[in-house]
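Peer 1: sequence and computational prediction follow.
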Amino acid sequence: RWLFDQAVCTLYAFCGVLFGLCSLTSLTVLSTVCCLKVCYPAYGRCWDGFSRSHAAVLLLGVWAYALAFATAPLARWGSYGPEPYGTACCITWEASSREATLYILALFIFCYLLPCLLILVSYALILWTVRVSRRAVRQH
């Protein structure tokens, strides 16, 4: 069973969601930047390449995105609570209201489905670009 009170449960779940979303969002941004650098070499030339400020803006965006979805249950859009077995805490997946259902749906679409699709498309474009480049090198 969960050994601590509801406040610690909420903090534990919030940290798990925040860091999990930061991880997946960071991977999404990384794959997208790699795709832009490989598939569109002119990307970044107008900013004089990939700079620290560019990286800082992307990192800030990753944390803001994750923070927006992680803090939503604290603002009563969804909720945090014990997992079904009661040994840890996370998002309450059993939606008890329409708002909770919408939060879970938004979380699925914007924090799982969209990032996974962007990662898949990015790496597919990279592989396609490498394949086309290989053909071009063989022909010349």
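Peer 2: Thanks, I have it. Residues are numbered from 1 along each chain as shown.
Peer 1: alpha carbons only for contacts and neighbour counts from here, please
Peer 2: Noted.
Peer 1: in the helix ranked longest in the chain, what's buried?
Peer 2: Using DSSP state H to define each element, the chain has its longest helix at helix 6-39. Neighbour-count burial for helix 6-39, with 16 or more other CA atoms under 10 Å as criterion, is recorded at 9-10, 12-18, 21-22, 24-29, 31-33, 35-39.
Peer 1: swap in stretch 122-130?
Peer 2: Of the residues in stretch 122-130, Ser122, Leu125, Ile126, Thr129 count as buried by neighbour count, 16+ other CA under 10 Å.
Peer 1: present these as JSON lines; the columns should include secondary structure and pLDDT.
Peer 2: What follows is those, written out as JSON lines (DSSP: H, G, I helix; E, B strand; the rest coil; pLDDT from 0 to 100):
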{"residue": "Ser122", "secondary structure": "helix", "pLDDT": "97"}
{"residue": "Leu125", "secondary structure": "helix", "pLDDT": "96"}
{"residue": "Ile126", "secondary structure": "helix", "pLDDT": "96"}
{"residue": "Thr129", "secondary structure": "helix", "pLDDT": "94"}
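Peer 1: between the residues you listed, which sits nearest Arg76?
Peer 2: Ranked by distance to Arg76 (CA to CA), the buried residues of stretch 122-130 are led by Ser122 at 34.7 Å.
Peer 1: spatially central residue in the protein, please.
Peer 2: Closest residue to the average C-alpha location of the chain: Thr25 at 2.5 Å, with CA atoms, centre = their mean.
Peer 1: quick one: it from Val62, how far?
Peer 2: 6 Å (CA to CA, to the nearest Å).
Peer 1: hey, where'd the helices end up in the chain?
Peer 2: According to DSSP H, the helices that the chain contains are 6-39, 52-71, 98-108, 114-139.
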